[in-house]
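Predicted structure and sequence below. I'll ask about it afterward.
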Amino acid sequence: MNSILNRKVLVLNQSYEPLMVINAKRAIVLIIKEKVKMLEKYSENIRSVQNSFDLPSVIRLNFYVHLKYKDIVLNRRNILKRDDYRCQYCAKQATPLTIDHIVPKNKGGKDSWENLVAACSKCNTRKGDTLLKHMDMKLLKKPRKPSKLFQLQTYVNKKQDNWKQYLFMEG
């Protein structure tokens, strides 16, 4: 029962803007207090002695909330997640992956979302401290800072397929 209450629930603002992910226990409390409306549900139910509740999957606030978003932290895990755990030079999902500076630090490169990419050891060693324009290596895609929406999209799995329409992942 405890694992069901920890199931992820997508929270939407009144305007259907994705806000955050909470656990099902907190979502059920918000439904009971009539602070949210359930839009999607899982197939399971929660039963108490007197009541049965649908297990929410997506809920929408009954009022609009202005939230100031925190920046996504620049760290190894988030860079690997952004790059889909693939080397950005050869596209292999090799392990272990390293983090490469596109413009090397000794040539003025900074630690930033736009200058750091996931790279396999072989490609990282081959590139070394050389600039890409002096080599025959190319990036799969231009690196950029991920959005808040990207962070929410990483929660989606087979159980959360019904979230895709709210996170702009269909089509």
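In hand now; what should we look at? Residues are numbered from 1 along each chain as shown.

quick one: the helices in the protein?
When secondary structure is read from DSSP state H, the chain shows helices at 2-5, 24-32, 76-82, 121-127, 148-153.

Now tabulate those in a markdown table and tack on mean pLDDT.
What follows is the helices of the chain, written out as a markdown table (pLDDT from 0 to 100):
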| stretch | mean pLDDT |
| --- | --- |
| helix 2-5 | 81 |
| helix 24-32 | 96 |
| helix 76-82 | 93 |
| helix 121-127 | 94 |
| helix 148-153 | 82 |
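
right, and those - which one's nearest Lys138?
Of all the helices of the chain, it is helix 121-127 that lies closest to Lys138, at 11.0 Å by Cβ to Cβ. Yep, even glycine has a C-beta here, placed from its N, CA and C like the rest.

residues in contact with the closest one?
Cys87, Tyr89, Cys90, Ala94, Pro96, Thr98, Asp100, Ala119, Met135, Met137 (Cβ atoms under 8 Å, 6 or more residues apart in numbering).

And stretch 101-111, by the same measure?
Leu74, Glu114, Asn115, Leu116, Val117, Gly128, Asp129, Thr130, Leu131, Leu132, Leu139, Pro143.

likewise stretch 59-76?
With Cβ under 8 Å, 6+ apart as the criterion, stretch 59-76 contacts 9-16, 19, 27, 30-31, 34-39, 78, 99, 111-113, 116, 145-146, 148, 150-151.

Return a PyMOL selection command for the buried portion of those residues.
Selecting only the buried entries of the contacts of stretch 59-76 in PyMOL, with 16 or more other Cβ atoms under 10 Å as the criterion:
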select buried, resi 9+10+11+12+13+19+27+30+31+36+38+39+78+113+116+146+148+151
